[in-house]
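*Asks:* need the 3D shape of this:
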Amino acid sequence: MGRTGRRVRRRWRRRRADGRERGAATLEIAIVFPIVLLITFGVIEGALWYHARNVALAAAEEGVRAATGDGGTPGAGVEEARDFALRAGADDTLSAVTVSSTSTPSEVSITVTGHSLTLFPGWSGHEVTQTASGPVERFTSPDGP
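*Replies:* Residues are numbered from 1 along each chain as shown. Below is the predicted model:
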């Protein structure tokens, strides 16, 4: 080993024995770990909200399909949307589901509202509201409505 290698090793030993760097890793972990944990929980919470939003939209679209079909009524659409939400795991994914509808002679809208699942106890989660609309299917004569 050359002279330069010995100097570097001696400096490293002196610095380590000095004690100024002692406990730095523990302090860094104590500061960084809560931030990483908060970011992780935030990402998971966002994913749960996004999934609940997709379930609510799928339920609303299913309700619109039932309501706009041949002989369908807005009441049938509401029931179908509620049933779809329950089949899709509404108790776990989307809680406190409410379904409402508005209709005109030519269009039906179904709205599904609920709260997403959350990681934090005692908090009801983010509110999710999704609406789907569609034209009412009806037969018309070639002469007019």
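
*Asks:* need the three-state assignment for Gly122.
*Replies:* Put simply, Gly122 is coil when judged by DSSP: H, G, I helix; E, B strand; the rest coil.

*Asks:* tell me where this structure has helices.
*Replies:* Counting by DSSP state H, the chain has helices at residues 3-18, 24-68, 74-87.

*Asks:* need the contact partners of stretch 51-64.
*Replies:* With C-beta atoms under 8 Å, 6 or more residues apart in numbering as the test, stretch 51-64 has contacts from 77-78, 80-82, 84-85, 88-90, 93-94, 97, 99, 101, 108-117, 125-126, 128-134. (C-beta placed from N, C-alpha, C; glycine too.)

*Asks:* list the buried residues of that stretch.
*Replies:* 51-53, 55-64 (16 or more other C-beta atoms under 10 Å).

*Asks:* residues in contact with the closest residue in space to Gly63 that isn't next to it in sequence?
*Replies:* In this structure, Gly63 finds its nearest non-sequential neighbour in Ala81, 3.0 Å apart by C-beta to C-beta, 6 or more residues apart in numbering. Residues in contact with Ala81 (C-beta under 8 Å, 6+ apart) are Ala59, Ala60, Glu62, Gly63, Ala66, Val99, Ile110, Val112.
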